[in-house]
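Undergrad: take this sequence and fold it.
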Amino acid sequence: MLFYYIQNDYDASEMNSSSPFEWKFDNGNSAGVCNVNIPSGNPYYEADTCNLSKAFDDGFVKFNVSNYGIDGSNVLPYLPKEWSDSADLYDKARFSKIWFKNFKEYPSDPLTQYPQNYFHLIGASDKTGSYGESRADYDVSYIYVKLLETDCPGSEAMCIRSTVNHEIGHQFNLNGCTDLQNCSPPPDNYGPHDYREWWLYGGEDCYSTNSCLMHPIGGLLHSGIDRFCKEDLLLGDPNCTNEEDKKESAMRTASDPE
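TA: Numbering: from 1, shown residues only. Below is the predicted model:
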């Protein structure tokens, strides 16, 4: 951490000519800095993984979250909201690659990742209209902590943890054959999500109080736990027409990449 004003401007990478905020991160390195103005008092945007095991126990999934240090969790550079709004997930994957020791890149362009069991979870600042975003083929998930802290006063920790669980759910390709339609106008699509109820109920309702974790805006806590539906756990995405794709869209039946 530097306790001194930087005398010059420095770019970690070339800029995208179409946007004044979109660093491409296709070369160079960068350094981590903290932000002392975070409401939680933590000077970093941290994606809290405390409740991962509770949410994923039903899927028989175990996580090993690396300790802090060279080979584990670490501080990432502050990225402003303008960058999060303008950069596509390809540029965000390039940024992840700089910091993700376990990234195994195919020798190709665009950037892709060898199938593996490592995920890169990034606590970021803010993004218009999004609490998180993920790409399973890059093994990266972004959690927009600042927006969650703003929108969840008094419940910041719970909202951040549930968003982490939801985004890591995307790493298992849940609802991989679905581009979910909005229940009410405007008719926007929500991508790989569902309106199903969690596994104890098994119904489907846009506004159910028993919604599962992969609802477009995240499910509701049930006895303090984020719950998946039975399709996400075992049965697979009913919109898949190919049985292999259906198998790969449920965490209990998906093949182990390693």
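Undergrad: contacts and neighbour counts: CA atoms only from here.
TA: Will do.
Undergrad: list the contacts of the residue lying closest to residue 204 once chain neighbours are set aside.
TA: Nearest residue to residue 204, sequence neighbours excluded (Cα to Cα, 6 or more residues apart in numbering): residue 196, at 4.1 Å. Going by Cα atoms under 8 Å, 6 or more residues apart in numbering, residue 196 touches 202, 203, 204, 205, 206, 211, 212, 215, 229.
Undergrad: do you know the pLDDT at the second one?
TA: Predicted confidence (pLDDT) at residue 203: the value is 85.
Undergrad: hang on, isn't it packed against residue 197?
TA: Yes: with contact defined as Cα atoms under 8 Å, residue 203 reaches residue 197; the gap is 5.3 Å.
Undergrad: which one's more surrounded, these two?
TA: Ranked by neighbour count (other Cα atoms under 10 Å), residue 203 and residue 197 place residue 197 first, with 28 against 14.
Undergrad: I'd guessed that one sits against residue 214; true?
TA: No: using Cα under 8 Å as the test, residue 197 is too far from residue 214 to be in contact (9.5 Å).
Undergrad: which residues are in contact with each of those two?
TA: Counting by Cα under 8 Å, 6+ apart, nothing touches both residue 197 and residue 214.
Undergrad: low-confidence ranges, this protein, go.
TA: Across the chain, the ranges flagged by pLDDT under 70 are 1-43, 68-72, 106-113, 185-187.
Undergrad: what about 50?
TA: The chain contains residues with pLDDT under 50 at 1-4.
Undergrad: where do the strands sit along the protein?
TA: 120-124, 132-135, 140-144 (DSSP state E).
Undergrad: of those, flag the one that's most buried.
TA: strand 140-144 (a mean of 27; mean count of other Cα atoms under 10 Å).
Undergrad: for this protein, which segments count as helices?
TA: With DSSP state H as the criterion, the chain has helices at 52-56, 81-86, 89-99, 145-151, 156-170, 230, 243-248.
Undergrad: want to throw the strands of the chain into JSON lines with distance to residue 243?
TA: Output for these, formatted as JSON lines (distance: least, Cα to Cα, whole Å):
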{"stretch": "strand 120-124", "distance to residue 243": "29"}
{"stretch": "strand 132-135", "distance to residue 243": "22"}
{"stretch": "strand 140-144", "distance to residue 243": "26"}
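Undergrad: of those strands, which is nearest residue 180?
TA: Closest approach to residue 180 among these (Cα to Cα): strand 132-135, 15.5 Å.
Undergrad: which non-adjacent residue is nearest the residue nearest the centre of the chain?
TA: Here the mean C-alpha position of the chain is nearest to the C-alpha of residue 141 (Cα atoms, centre = their mean), at a distance of 2.9 Å. What sits nearest to residue 141 in space, not counting adjacent residues and going by Cα to Cα, 6+ apart, is residue 134, at 4.2 Å.
Undergrad: so who does that neighbour touch?
TA: Neighbours of residue 134 in contact, by Cα under 8 Å, 6+ apart: 140, 141, 142, 167, 168, 170, 171.
Undergrad: wait, the fifth one sits on residue 143?
TA: In other words, residue 168. No: look at residue 168 against residue 143 with Cα under 8 Å: they stay out of range, at 10.2 Å.
Undergrad: tell me the most buried of the helices of the chain?
TA: The highest mean neighbour count among those, using mean count of other Cα under 10 Å, belongs to helix 156-170: a mean of 23.
Undergrad: just the angle for that one relative to strand 120-124, thanks.
TA: Helix 156-170 runs at 140 degrees relative to strand 120-124, counting by axes from the mean of the first three to the mean of the last three Cα atoms, to 10 degrees.
Undergrad: so what's the gap between helix 156-170 and the chain middle?
TA: Offset of helix 156-170 from its chain centre (Cα atoms, centre = their mean, to the nearest Å): 8 Å.
Undergrad: and residue 170, what does it touch?
TA: Residue 170 neighbours (Cα under 8 Å, 6+ apart): 134, 135, 136, 192.
Undergrad: the third one: what's it in contact with?
TA: Read it as residue 136. For residue 136, the contacting residues are 170, 171, 172, 173, by Cα under 8 Å, 6+ apart.
Undergrad: fine by me, thanks again.
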